[in-house]
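S.K.: Provided below for reference: sequence and predicted model.
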Amino acid sequence: MQHYSKKTDPMDQRLYLAQRIDRADARLRRLNEALADAAARERCARWITAWAVAAGADAPRGMKLRIRGEFILL
């Protein structure tokens, strides 16, 4: 399994983050189709947002991102 690392090539970082966003988006779509509970959909949407922020997107105001067990208010 590949992990995110700041030491890797920037192009590899972007590719990894894009793959994670795609994977989370696919899961969110499956959850929506299956009419899963709202908490699971919200968790998945937060993951998509977190990966997008890590890839360089603007963070929503007041979003908390958990990194290594600590919450960071963006």
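M.R.: Yes, it's here.

S.K.: Report the rounded mean pLDDT for the lengthiest helix in the chain.
M.R.: In terms of residue count, the longest helix belonging to the chain (DSSP state H) is helix 10-33. Summarised as a single mean, pLDDT over helix 10-33 is 76.

S.K.: can you check stretch 38-47 too?
M.R.: 75.

S.K.: Can you name the next helix or strand after the longest helix of the chain?
M.R.: With elements assigned by DSSP states H and E, the helix or strand that comes after helix 10-33 is helix 38-54.

S.K.: From the contact count, pick out the helices and strands touching that next one.
M.R.: Packing partners of helix 38-54 (3 or more C-beta pairs under 8 Å, 6 or more residues apart in numbering; DSSP states H and E): helix 10-33. In short, each C-beta sits where N, CA and C put it, glycine included.

S.K.: What residues sit buried inside the helix it packs on?
M.R.: 13, 16-17, 20-21, 24-25, 27-28, 31 (16 or more other C-beta atoms under 10 Å).

S.K.: Quick one: list the elements packing against that helix.
M.R.: Secondary elements touching helix 10-33 (3+ C-beta pairs under 8 Å, 6+ apart): helix 38-54.

S.K.: Let me know how buried residue 42 is, in neighbour terms.
M.R.: When neighbours are defined as other C-beta atoms under 10 Å, residue 42 has 12 of them.

S.K.: Please renumber the chain so that the first residue is 10 from this point on.
M.R.: Done: numbering now begins at 10, and the last item shifts to residue 51.

S.K.: Since that was my last question, I'll sign off now.
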